[in-house]
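Engineer: give me coordinates for this.
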Amino acid sequence: MFQPFQKYLEEAAKSYGIKTEMKAAEICEQCRKLIPKIFSDIETPEKYLRPAYFRNGDLTIKVESQAFAQEVVMRKKQLIDELNTRAGMKVIRNLKTILADTPQYSPESQDQSDW
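Structural biologist: Numbers count the residues shown, from 1 in each chain. Sure, this is the predicted structure:
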């Protein structure tokens with residue numbers, strides 16, 4: 001009997017404890033696909049906007065400039081609504097932006113000797 005591969009992938013992710021990471025990757029991939037549609041008035045928007053990460057209900061988008069950050073803010077509701085629709089549930093609660101040349105904060109990478 002044929003079973004969809006997706007079923008086994010979800011079960012394997014759960015058993016290996018990486019289900020959350022897979023969901024985050026899936027949301028970022030959906031965002032990558034959605035950016036050209038939402039920002040269709042900008043030529044090749046995927047060059048200037050890309051999902052950075054998804055964590056605790058917050059999707060962070062990396063932008064090339066403050067102007068692009070403002071574009072994301074103006075379309076924030078549309079992005080969140082469409083991504084939640086694609087996910088089939090409300091998984092994204094907030095949308096943030098970071099500049100592409102800004103170092104990312106990561107609590108795991110902080111060394112207390114730098115304080």
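Engineer: how about the residue positioned nearest the centre of the chain: what's its closest non-neighbour residue?
Structural biologist: In the chain, the centroid-proximal residue (Cα atoms, centre = their mean) is C28; its distance is 3.5 Å. Distance criterion Cβ to Cβ, 6 or more residues apart in numbering; nearest residue to C28, sequence neighbours excluded, is P51 at 4.0 Å. C-beta: built from backbone N, CA, C; applies to glycine.
Engineer: which residues does N84 contact?
Structural biologist: Counting by Cβ atoms under 8 Å, 6 or more residues apart in numbering, N84 touches 90-92.
Engineer: tell me the most packed of these, by neighbour count.
Structural biologist: Neighbour count (other Cβ atoms under 10 Å) singles out I92 as the most crowded of the contacts of N84, with 21 neighbours.
Engineer: and it, its phi and psi?
Structural biologist: With angles defined as degrees, to the nearest 10, I92 sits at phi -100, psi 120.
Engineer: what of L59?
Structural biologist: With angles defined as degrees, to the nearest 10, L59 sits at phi -100, psi 130.
Engineer: I35 is in contact with that one, correct?
Structural biologist: No. When contacts are counted by Cβ atoms under 8 Å, L59 is not listed as touching I35 (11.7 Å).
Engineer: understood, closing this out.
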